[in-house]
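J.: quick one, what's the 3D model for this:
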Amino acid sequence: MLIDEAYISVKAGDGGNGYSHFYCDKFRPKGGPDGGDGGKGGDVFFIAVNDISKLNQFRNKKKFEASRGENGGKNQRTGKDGEDLVLEVPVGTTVHYDNGTQIEFVKEGEKKLITRGGSGGYGNYHFRSATNQTPNETSKGFHPEHKNLFVQLKLIAQIGLIGLPNAGKSTLLNELTNAHAKIANYQFTTLEPNLGVMKSGKIIADIPGLIEGASSGKGLGIRFLKHIERTNLLVHCISAESQDLEKDYKIIRQEISSYSSVLAQKPEIIVITKSDLLKTPPKIKHDLLVSVLDEKSIKKLNDLISSFSLETS
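T.: The predicted structure follows:
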């Protein structure tokens, strides 16, 4: 099961404590303070990768912590800095903080600081002065607070394939791209979004079948409606097997409008799929008739999609 949102807690590493020590050997019996500073705690970073399943790591584990800095040592030795913690998240992830700020990851390889490690404390060498040549004073490293985060995935794709269950979306995705989405002749074959890349480089998302009432949580509900918010073109698939093509079309349009007025205004291509099963011309406005048995129809759809100038939003 795809995890596309999670509540987690992250903590940067504590800074190491400063050290109190006085140098002493037979040549310098009163060598003075030489306690070193503590090391800095590790930072927490997120890095975007092209793997929509990466949020699955947050299914059972909810708390993540970078390592602390080591304490200072004698001979003015600064403690070793703590190692940074780098967590991979899918491209399209938004990280929400408690204070309302957020960070988005829209490109593969983006690496962003989530929370900074604590600074190390001072050793007694730091506190030496002309008036205080033998300080015992040190300071402790800073302990950063836990950050409570809401991590949410919204797929980055220029094109969204939408339609009722068993409308042929996964089949079209496989034909148009290098994807290998599972297909079968029953509803809700697709339980997770699938992505594919066209030869033109455009990314298509196959959105799991929506049903009437999806915008209020029925069926797969709004869980997947949010994944088409960033697309700039909707390819609305209507199966030629339907008893009422216009009704099927209106159901999906109603759910989209109920969910988001912005989404409802996006450009749309209406495609009648499985057109080889049509016995009479469809009585609904459409842009293309498509069948996987007709290579020319697939090419026409490919060309039509490629004619749109699309950028992910």
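
J.: can you list phi and psi of the residue most central in space within the chain for me?
T.: For the chain, residue 93 is the residue whose C-alpha lies nearest the centre (Cα atoms, centre = their mean; 2.2 Å). Note on residue 93: its backbone torsions stand at phi -80, psi 140 [degrees, to the nearest 10].

J.: any idea of the pLDDT on it?
T.: With respect to pLDDT, residue 93 scores 93.

J.: mind listing what residue 298 touches?
T.: By Cβ atoms under 8 Å, 6 or more residues apart in numbering, residue 298 lies in contact with 172, 175, 176, 290, 292. C-betas here are computed from N, CA, C, even on glycine.

J.: using the three-state scheme, assign it.
T.: Here residue 298 is recorded as helix under DSSP: H, G, I helix; E, B strand; the rest coil.

J.: measure it to residue 170 for me?
T.: Look at residue 298 and residue 170: by Cβ to Cβ, to the nearest Å, they are 14 Å apart.

J.: and residue 60, how close does it get to residue 40?
T.: From residue 60 to residue 40 the distance is 30 Å (Cβ to Cβ).

J.: got it, and residue 3?
T.: Counting by Cβ to Cβ, the gap from residue 3 to residue 40 is 32 Å.

J.: when those two are compared, which one has more neighbours?
T.: residue 40 (26 against 16; other Cβ atoms under 10 Å).

J.: skipping adjacent residues, who's closest to that one in space?
T.: residue 81 (4.6 Å; Cβ to Cβ, 6 or more residues apart in numbering).

J.: now swap in residue 161 and tell me
T.: Of all residues not flanking residue 161 in the chain, residue 169 sits nearest, at 4.2 Å (Cβ to Cβ, 6+ apart).

J.: kindly report the same for residue 173.
T.: residue 206 (4.4 Å).

J.: quick check: phi and psi on the one you found?
T.: Here residue 206 shows phi and psi, under degrees, to the nearest 10, equal to phi -90, psi 110.

J.: beta-bridge partners for it, please?
T.: residue 161, residue 194 (DSSP bridges).

J.: I figured it was touching residue 169, is that so?
T.: Yes. Residue 206 is in contact with residue 169 according to Cβ atoms under 8 Å; the separation is 4.9 Å.

J.: now do the contacts for the residue nearest to residue 40.
T.: 39, 40, 41, 42, 69, 117.

J.: need phi/psi at the fifth one.
T.: Note on residue 69: backbone dihedrals following degrees, to the nearest 10 are phi -80, psi 150.

J.: and it, what pLDDT?
T.: On the pLDDT scale, residue 69 is placed at 98.

J.: ditto for residue 198
T.: In this prediction residue 198 is given a pLDDT of 84.

J.: for residue 262, give its distance to residue 25.
T.: Note on residue 262: its distance to residue 25, by Cβ to Cβ, is 74 Å.

J.: run through the residues that contact residue 178.
T.: Here residue 178 is in contact with 196, 197 (Cβ under 8 Å, 6+ apart).

J.: so residue 102 touches residue 112, yeah?
T.: No. The criterion here is Cβ under 8 Å, and residue 102 misses it with residue 112 at 11.2 Å.
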